[in-house]
Structure formats: C-alpha cells, structure tokens
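1. Need coordinates for the below:
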Amino acid sequence: MGEIEAAAVVAEVIGWIALIGAALFGIAVLILRIGRGPWDSAPAVVTDGEIRWMSADGRFHASPAPREERPGDDDFMVFYRTRWPGVYYLERVAPDERTLSLVSLTLAGVGLIALVVNTVTSLM
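-> Numbers count the residues shown, from 1 in each chain. Alright, predicted model coming up:
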C-alpha cells in the first residue's frame with residue numbers, strides 16, 4: 001500500500017467518524033430542543049439584585065441575577081422555555097444547545113473535508 005492509498009484510508013476513517021459524531025451531537029441538540037419546549041419572551045426589570053418578569057400565563061417570576069449577567073438597561077427582554085418559565089436566558093439559545101450545535105457543525109465540516117481528501121487521493 002502506497003502513501004497516497006494510506007492517506008485515502010486514513011481520511012475515509014476520519015471522515016466517517018466525524019460525520020457519525022456530527023449526527024449524534026445533532027440528534028442530542030434536537031432531543032434537548034424538543035424536550036425543553038418552545039421559547040417565549042417577556043419584558044423584565046432588575047430590582048434589588050433580582051431579575052423579575054411575568055410569563056404568558058400571568059405568573060410573576062424572580063431569579064437572582066449575578067452582577068456579571070445583569071444587562072446595562074433596567075428594562076430588557078428575557079427568554080424562557082414555556083415548560084420552565086422560572087428559568088431565564090438573556091439570549092434565545094441555551095448555552096448547552098449552542099455548544100452542542102457548534103461541536104456538531106465542526107465535526108460535520110471535518111468529516112466533509114476528510115471525505116473530499118479521500119475522494120481526491122483515490123483519484124490519483
């Protein structure tokens with residue numbers, strides 16, 4: 001087996017491992033999003049070191065706001081899941097979902113590049 005053939009085999013193995021990993025992480029993101037339910041938003045205020053908002057069903061919620069998480073404005077929007085309205089986010093995407101999505105897209109990119117390298121080296 002020559003060097004080019006060995007490179008093609010290595011690229012194919014890396015490509016398949018990366019694509020399968022990307023699919024698994026993508027499925028994990030879908031499970032998280034379906035399990036947590038849809039997003040909703042509400043205006044919120046910071047008072048006495050707490051962020052307070054009212055959910056769509058009319059209940060008030062309050063959560064302690066660490067100083068580094070407090071927005072500069074006193075009046076802003078918070079995002080929450082309809083299944084857990086007591087947990088707020090300052091962005092519409094949860095940090096763990098964003099991280100898993102980024103890992104999935106990175107693995108998909110590595111897998112596609114490896115499969116292109118495999119295809120090019122196989123043609124040589």
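
2. Please identify which helix or strand holds residue 116.
-> For residue 116, the element it lies in under DSSP states H and E is helix 95-123.

3. same thing with residue 52?
-> strand 50-54.

4. Only the buried residues of that strand, if you could.
-> Residues of strand 50-54 classed as buried: 51-53 (neighbour count, 16 or more other C-beta atoms under 10 Å). In this view, the C-beta of every residue, glycine as well, is placed from N, C-alpha and C.

5. average pLDDT for it?
-> Mean pLDDT, strand 50-54: 88.

6. which residues sit against that strand?
-> Outside of strand 50-54, the residues within contact range by C-beta atoms under 8 Å, 6 or more residues apart in numbering are 42-46, 60-65, 70, 78, 80, 88.

7. Where helices are concerned, which of those count?
-> Using DSSP state H, no member of the contacts of strand 50-54 falls in helices.

8. In these, which residue is surrounded by the most others?
-> If you count neighbours using other C-beta atoms under 10 Å, the busiest of the contacts of strand 50-54 is residue 44, which has 26 neighbours.

9. how near is the spatially most central residue of the chain to residue 80?
-> Residue closest to the average C-alpha location in the chain (C-alpha atoms, centre = their mean): residue 98, at 1.9 Å. Using C-beta to C-beta, to the nearest Å, residue 98 is found at 16 Å from residue 80.

10. again with residue 115
-> In terms of C-beta to C-beta, residue 115 sits 40 Å off from residue 80.

11. same check, this time on residue 66
-> Relative to residue 80, and taking C-beta to C-beta, residue 66 is found at 17 Å.

12. as a whole number, average confidence for the longest helix seen in the chain?
-> Identified as the longest helix of the chain according to DSSP H is helix 3-36. Mean pLDDT, helix 3-36: 93.
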